[in-house]
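Student: What would the 3D arrangement of this be:
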Amino acid sequence: MPKPLLIFLLMLCAGAGFLIIRPQVLAKTAQDASARLEQIKKVTVPRLRRELSQKGLKLGAPLFLRIFKEEKLLELWIEKEKAGRFELFKSYPICTFSGGLGPKLAEGDRQAPEGFYFVPRGRMNPNSRFHLSFDLGYPNSCERSLGRTGSFLMIHGNCVSVGCYAMGDRKIEEIYTLADAALNGGQSFFRVNCFPFRMSTARMIKASGNRWHDFWLNLKQGYDHFEHHKRPPNVSSKDKRYLFGNS
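Tutor: Numbers count the residues shown, from 1 in each chain. Sure, this is the predicted structure:
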């Protein structure tokens, strides 16, 4: 067997340094994480099935997340079978996030991001230091074109943040379980839209003097698309701005 396979290492971010884990430890950790997730599901899934059924929704249907910083709120939307539109299932108070209104600009600025992200299976982490987590994939293509930097920007459990959205353990268990079920049900990725606030006309007028007003006007295009269609837009970028189309 080639030597690199025998000395396969995983380097995980751990504060300012790195933690090196041997392959046998990694395997055990993955098994433990899988078993722990199954235990969480045993408690969480029956309750979610009942609550979803009351709204005519199903576990495993596609989902969509919206975050509003000012309101400290995460909305979880589920696609209603045959309707082709997403319906609000729950609104979860965000336990904490770091920074203020405005986008994340650089690694280490401790600012939670604003923008349009997507999460495939590979960004789900049942073995997170913060109970459960998933990575938003910051910086996205638009942010990279603007020269913005950063990494490991997540939605996770616990109630501490250095740039992430921390939900608390009980809430992330529900959110993670629903996301996991959607990915298992055939959704290849789910979208997460992060906004500074609910982007009503009145709130945008109030923000007209802010340095980020033009950036927020671009975000509002995506916000308005979902408000009108009740389907998250397909997002691309050109000339350092977001472009939106039907998904």
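
Student: who's residue 63 bridged to?
Tutor: Counting by DSSP bridges, residue 63 is bridged to residue 78.

Student: what comes up buried for stretch 116-127?
Tutor: Of the residues in stretch 116-127, those with enough neighbours to count as buried (16 or more other C-beta atoms under 10 Å) are 116-119, 124-127. All C-beta atoms are positioned from the backbone trio N, CA, C, and that covers glycine.

Student: does residue 193 sit in a helix, a strand or a coil?
Tutor: When classified by DSSP: H, G, I helix; E, B strand; the rest coil, residue 193 comes out as strand.

Student: how near is it to residue 113?
Tutor: 11 Å (C-beta to C-beta, to the nearest Å).

Student: And residue 216, by the same measure?
Tutor: Going from residue 216 to residue 113 by C-beta to C-beta gives 14 Å.

Student: Likewise for residue 41?
Tutor: 29 Å.

Student: Residue 181 contacts residue 60, doesn't it?
Tutor: Yes: using C-beta atoms under 8 Å, residue 181 is in contact with residue 60, at 4.5 Å.

Student: Quick check on those two: which one has the bigger neighbour count.
Tutor: residue 181 (20 against 16; other C-beta atoms under 10 Å).

Student: Helix, strand, or coil at the more buried one?
Tutor: helix.

Student: just the one 5 residues further on next, same as before
Tutor: Following three-state DSSP, we place residue 186 in the coil state.
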